[in-house]
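Asker: Next come a sequence and a model predicted from it.
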Amino acid sequence: MSVKVQFNSGQNTASHNTEGWRHHSMYEYNDESFMIAQRQLDEVARRMNLDSGIHERLRYPRKSLIVSVPIKLDNGQTKTFMGYRVQHDQTLGPTKGGIRFHHSVNLGEVSALAMWMTWKCSLLNLPYGGAKGGVCCFPEEMSQGEMERLARRYTTEILSIIGPEKDIPAPDMYTNEQTMAWIMDTYSNFVGFAVPGVVTGKPVSVGGTQGRVEATGRGVAYIVKRAIERQVRAINPETATAAVQGFGNVGSITAKYLHQQGIKVVGVSDVHGAIYNPAGLDIPSLLHFVREQGTVVGFDNAQKIDGHEVLELDVDVLVPAALGNVITAKNADKIRCKILAEGANGPVSPEADSILRDKGVYVIPGILANAGGVVVSYFEWVQDIQHLFWSEQEVVDKLYYLMGRAFDDVYNLTQEQDMDPRTAAMVLGVGRVAAAKALRGLYP
Ligand code: NAD
């Protein structure tokens, strides 16, 4: 099967209603998130008056690898899964991005996530381009043995394009420290010596870093603190309230550090439901409760509310930290926070974004708010390459330094050019890559 897609001929700043066409195979990037990612780039390119040749090169990944991943199931049968590794841009350095095991994985989604990683790394001044990978599968239904065989075979299939100087994977949905250890081991066996720097998010015992597990949530909470200090909206830090959707790695750690910063977390949710206490939830006890029970539902001293209500609470700060596309044109009107920090990737649809802007909500985009994970991944890679490991305090200090600087870069641009923070973050992210591309020439 072959589908026709519109191809930008490169006249002026590449708007996509130009004449050219090109044929693509069935493995087209035709996914909604990829269209959104391209549209975001197109809008920023127009605004920046980006050179059309550079714009066109940035609209598609530099390299996309599609692989078959056959494994033996526990029942003796063989099953083949589709795997992907997409490297969006290599101008600033090797590519970096997570690997997700999920049934939604397809080339378009992985490509969108890879593009967003490019902007995120560039915004944070990390010497990386963006990548992403994944295998389309149902990890909930797979045994640990099947997951290991999947991870190892997938690694073998993408081995030629990864490496500490080329492309460095990391965990994402349904992959974790153990998955990274399998990837590191498979790669190391192939080259004949231990190469911890081929992946990040590893256990500390095989070259991981202190502070990686908490990095993303810590970064979200720090960015919220910075935004309140800069008074992006009128919020009294003494009485500030917050709600968090999702209580996994990002949501629970964000709640933990917001609470430590003196912000009252009044509502949280997970896939099972949501809880609310206007006087503030006892987050340390809740973290303990969730470790034991596996859900926030049933926690003492809080009322149960519907999952969607957590997004609509009357709070100063809202952190969606679960899934993409949870705030859309359907519910954006009901959002009542003053600051929204995107803990998840892409929780706000473009339509919702403009509704929130009109309502005066200060939306801190994911490429800034949830960048703590990739920042500490970068620190892990640096430590692996140098064979010299840092204390947790050193990691945290450096994390806050890089995130604070990126926040200020974005904030200053919003002040100078009357831009919303998402546009400013994109202008900075895209701008730095484009400037480097212009200097380097056609190769990267
Ligand atoms: P996770 O699997 O640890 O946690 C996800 C949480 O969301 C769980 O508590 C789950 O119960 C909850 N959830 C799922 N469906 C829900 C629903 N319908 N309503 C409410 N809650 C629901 O995942 P994570 O690592 O915390 O990642 C969360 C998001 O943050 C993802 O979008 C991920 O891409 C993004 N992100 C993660 C990192 C990281 O370092 N972990 C970094 C950047 C971005």
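Answerer: Noted; the coordinates are in hand.

Asker: Would you mind listing what in the stretch 301-444 of the chain touches the ligand?
Answerer: 307, 321, 322, 323, 343, 344, 345, 370, 373 (C-beta under 6 Å from any ligand atom). Where C-beta positions appear, they are placed from N, C-alpha and C, glycine not excepted.

Asker: mind running it again at 8 Å?
Answerer: 307, 310, 321-324, 326, 343-347, 366, 370-374 (C-beta under 8 Å from any ligand atom).

Asker: Buried members of the residues you listed into ChimeraX, please.
Answerer: Selection of buried members from those for ChimeraX, criterion 16 or more other C-beta atoms under 10 Å:
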select :307,310,321,322,324,326,343,344,345,346,347,366,370,371,372,373,374
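
Asker: out of the residues of the stretch 301-444 of the chain next to the ligand, which are inside helices?
Answerer: If you go by DSSP state H, these have 366, 372, 373, 374 in helices.

Asker: Could you give the number of residues near the nearest residue to residue 89 once chain neighbours are set aside?
Answerer: Spatial nearest neighbour of residue 89, chain neighbours left out: residue 129 (4.0 Å); criterion: C-beta to C-beta, 6 or more residues apart in numbering. For residue 129, the count of nearby residues is 28 (other C-beta atoms under 10 Å).

Asker: Any idea which residue is closest to the centre of this protein?
Answerer: residue 345 (4.7 Å; C-alpha atoms, centre = their mean).

Asker: wait, isn't it in contact with residue 324?
Answerer: Yes: assessed by C-beta atoms under 8 Å, residue 345 is found in contact with residue 324 at 5.9 Å.

Asker: how about stretch 88-98: buried residues?
Answerer: Buried, per 16+ other C-beta under 10 Å, within stretch 88-98: 88, 89, 90, 91, 92, 93, 94, 95, 96, 97, 98.

Asker: right, I mislabeled it, should have said stretch 116-133
Answerer: Neighbour count says stretch 116-133 has 116-126, 128-133 buried, by 16+ other C-beta under 10 Å.

Asker: returning to that earlier point: mind checking how far the residue nearest to the centre of the chain is from residue 325?
Answerer: Residue 345 sits at a distance of 10 Å from residue 325 (criterion: C-beta to C-beta, to the nearest Å).

Asker: sorry, back to before: so the residue nearest to residue 89 touches residue 91, yeah?
Answerer: Yes: at 6.1 Å, residue 129 counts as touching residue 91 under the criterion of C-beta under 8 Å.

Asker: and for these two, which residues touch both?
Answerer: residue 433 (C-beta atoms under 8 Å, 6 or more residues apart in numbering).

Asker: now what about stretch 276-290, what contacts it?
Answerer: Under the contact criterion C-beta under 8 Å, 6+ apart, stretch 276-290 has outside partners 241, 247, 252, 255-256, 258-259, 264-268, 270, 275, 296, 298-305, 309-310, 313.

Asker: Endpoint to endpoint, that stretch covers what distance?
Answerer: End-to-end distance for stretch 276-290: 15 Å, by C-alpha to C-alpha, to the nearest Å.

Asker: rewinding a little: separation between the closest residue in space to the residue nearest to the centre of the chain that isn't next to it in sequence and residue 80?
Answerer: Distances taken as C-beta to C-beta, 6+ apart place residue 366 nearest to residue 345, at 5.1 Å, with adjacent residues excluded. Relative to residue 80, residue 366 is positioned 33 Å away (C-beta to C-beta).

Asker: Spell out, range by range, the helices that occur in the stretch 51-200 of the chain.
Answerer: Per DSSP state H, counting those that start in this stretch, the stretch 51-200 of the chain carries helices over the ranges 52-58, 107-123, 144-158, 177-191.

Asker: on that earlier part again, of the contacts of stretch 276-290, which belong to strands?
Answerer: Among the contacts of stretch 276-290, the members found in strands (DSSP state E) are 241, 264, 265, 266, 267, 268, 270, 275, 303, 304, 305.

Asker: and of these, the nearest to the ligand?
Answerer: residue 270 (3.5 Å; C-beta to the nearest ligand atom).

Asker: Can you name the residues that contact the closest residue to the ligand within the chain?
Answerer: In the chain, no residue comes nearer to the ligand than residue 248, which is 1.7 Å away by C-beta to the nearest ligand atom. Applying C-beta under 8 Å, 6+ apart, we find residue 248 in contact with 270, 321, 322.

Asker: ok, the first one touching residue 244?
Answerer: No: at 9.8 Å, residue 270 and residue 244 do not qualify as touching, with contact defined as C-beta under 8 Å.

Asker: and for the two, which residues touch both?
Answerer: Listed contacts common to residue 270 and residue 244 are residue 251; contacts here mean C-beta under 8 Å, 6+ apart.

Asker: These two: who's more crowded?
Answerer: Neighbour totals were compared for residue 270 and residue 244, and residue 244 leads with 35 against 22 (other C-beta under 10 Å).

Asker: partner residues bridging that one?
Answerer: residue 268, residue 319 (DSSP bridges).

Asker: for it, what are its contacts?
Answerer: 251, 254-255, 258, 265, 267-269, 310, 318-319, 321, 343 are the contacts of residue 244 under C-beta under 8 Å, 6+ apart.

Asker: Now the residues you listed in CSV, please, with extra columns for pLDDT and distance to residue 40.
Answerer: Shown next, in CSV, are these (pLDDT from 0 to 100; distance: C-beta to C-beta, whole Å):
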residue, pLDDT, distance to residue 40
251, 98, 25
254, 98, 24
255, 98, 29
258, 98, 28
265, 98, 30
267, 98, 29
268, 98, 29
269, 98, 27
310, 98, 26
318, 98, 21
319, 98, 21
321, 97, 21
343, 97, 19
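
Asker: so can I have a markdown table of these showing distance to residue 331?
Answerer: A markdown table is the format used below for the contacts of residue 244 (distance: C-beta to C-beta, whole Å):
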| residue | distance to residue 331 |
| --- | --- |
| 251 | 18 |
| 254 | 21 |
| 255 | 22 |
| 258 | 23 |
| 265 | 21 |
| 267 | 15 |
| 268 | 18 |
| 269 | 14 |
| 310 | 12 |
| 318 | 12 |
| 319 | 16 |
| 321 | 17 |
| 343 | 17 |
